[in-house]
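> Below are the sequence and a predicted model; questions follow.
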Amino acid sequence: GQNIDQPTEMTATEGAIVQINCTYQTSGFNGLFWYQQHAGEAPTFLSYNVLDGLEEKGRFSSFLSRSKGYSYLLLKELQMKDSASYLCAVGGRDDKIIFGKGTRLHILP
Amino acid sequence: ETGVTQTPRHLVMGMTNKKSLKCEQHLGHNAMYWYKQSAKKPLELMFVYNFKEQTENNSVPSRFSPECPNSSHLFLHLHTLQPEDSALYLCASSQVEGSGGYNEQFFGPGTRLTVL
């Protein structure tokens, strides 16, 4: 079967660092995506990893280990506006993207 | 501005009504998608149109009927829906380069559907 697991909720403090983990088991692998979704809004693209390793983009970094079926999204210098859901998604066969349930991140002042 | 627009943004309908959701993408992409997002559930892929041909239908009930007249427009026709169909319906588009290619999807703002 196909399965993507990520924590349901996390809480962190403004200015701190938080790591959101994602594990996956899918048929076919065509890259791993992270999306951000604020309440009531559409998901927006954050990152894409297809090779093992760390991709850094400003305050956000994403890591992938294909052999372990594991990824994480690292958010540094947290800001209140980072309060949102973070969706892990895997590109599978036939141009499909399979989404996890998302991690709701709460930022405390 | 994401380049993908959806109308209406909110829709309330009775179980006997017929309505349509519209999606338009201004990004020159060749694939479009309908997703359903219910509370506490992951995004569920409903339909995929690749080069205007439907390539995926994830066992969606026939009360949902997609239409893709061209690569920029996508419709979802609704009839005799059930209250459990109430959800956020998201449209997305992407550029498909062939199997195994990068496939970032750009989402529209969604239509919040309530079925009474």
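Right, received. Where do you want to start? Numbering: from 1, shown residues only, chains lettered A, B, ... in the order given.

> for chain B, what helix or strand is lowest in average pLDDT?
Here the helix or strand of chain B ranked lowest by mean pLDDT, DSSP states H and E is strand B:53-57, holding a mean of 69.

> can you map out the strands along chain B?
For chain B, applying DSSP state E gives strands covering B:4-7, B:10-13, B:18-25, B:31-37, B:44-50, B:53-57, B:64-70, B:73-79, B:87-94, B:106-107, B:111-115.

> where does chain A have low pLDDT?
A:1, A:94-95 (pLDDT under 70).

> if you set the cut-off to 80 instead, what comes out?
A:1-2, A:92-96 (pLDDT under 80).

> interface residues of it facing chain B?
A:4, A:30-31, A:33, A:41-45, A:48, A:50, A:87, A:89, A:91, A:93-102 (CB under 8 Å from any CB of the partner chain). All C-beta atoms are positioned from the backbone trio N, CA, C, and that covers glycine.

> so who does residue 28 touch?
You didn't pick a chain, so chain A it is. A:Gly92, A:Arg93 (CB atoms under 8 Å, 6 or more residues apart in numbering or on different chains).

> Please refer instead to chain B.
B:Gln95.

> returning to what we had before: now render the strands of chain B as JSON lines, adding mean neighbour count.
Converted to JSON lines, the strands of chain B look like this (neighbours: other CB atoms under 10 Å in any protein chain shown):
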{"stretch": "strand B:4-7", "mean neighbour count": "18"}
{"stretch": "strand B:10-13", "mean neighbour count": "14"}
{"stretch": "strand B:18-25", "mean neighbour count": "18"}
{"stretch": "strand B:31-37", "mean neighbour count": "23"}
{"stretch": "strand B:44-50", "mean neighbour count": "20"}
{"stretch": "strand B:53-57", "mean neighbour count": "13"}
{"stretch": "strand B:64-70", "mean neighbour count": "15"}
{"stretch": "strand B:73-79", "mean neighbour count": "19"}
{"stretch": "strand B:87-94", "mean neighbour count": "23"}
{"stretch": "strand B:106-107", "mean neighbour count": "22"}
{"stretch": "strand B:111-115", "mean neighbour count": "18"}
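
> closest one to A:Thr23 among these?
Evaluated over those, closeness to A:Thr23 peaks at strand B:44-50, with 20.0 Å, by CB to CB.

> and the direction of the closest one versus that of strand B:64-70, what angle?
For strand B:44-50 against strand B:64-70, the angle by axes from the mean of the first three to the mean of the last three CA atoms, to 10 degrees is 30 degrees.

> Each with direction, which strands does strand B:44-50 pair with?
Using DSSP bridges, strand B:44-50 pairs in its sheet with strand B:31-37 (antiparallel), strand B:53-57 (antiparallel).

> Just the CA atoms of the longest one, as CSV, please.
In CSV, the C-alpha atoms belonging to strand B:31-37 read as follows (Å, rounded to 0.1, in the frame of the first residue of the first chain):
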residue,chain,number,x,y,z
ALA,B,31,-2.0,18.8,-16.8
MET,B,32,-4.8,19.7,-14.4
TYR,B,33,-6.1,18.0,-11.2
TRP,B,34,-9.1,18.0,-8.9
TYR,B,35,-8.5,17.3,-5.2
LYS,B,36,-10.9,17.0,-2.3
GLN,B,37,-9.8,18.2,1.2
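
> For stretch B:77-91, measure first residue to last.
Terminal residues of stretch B:77-91 are spaced 13 Å apart (CA to CA, to the nearest Å).

> what about that stretch, distance to the chain center?
10 Å (CA atoms, centre = their mean, to the nearest Å).
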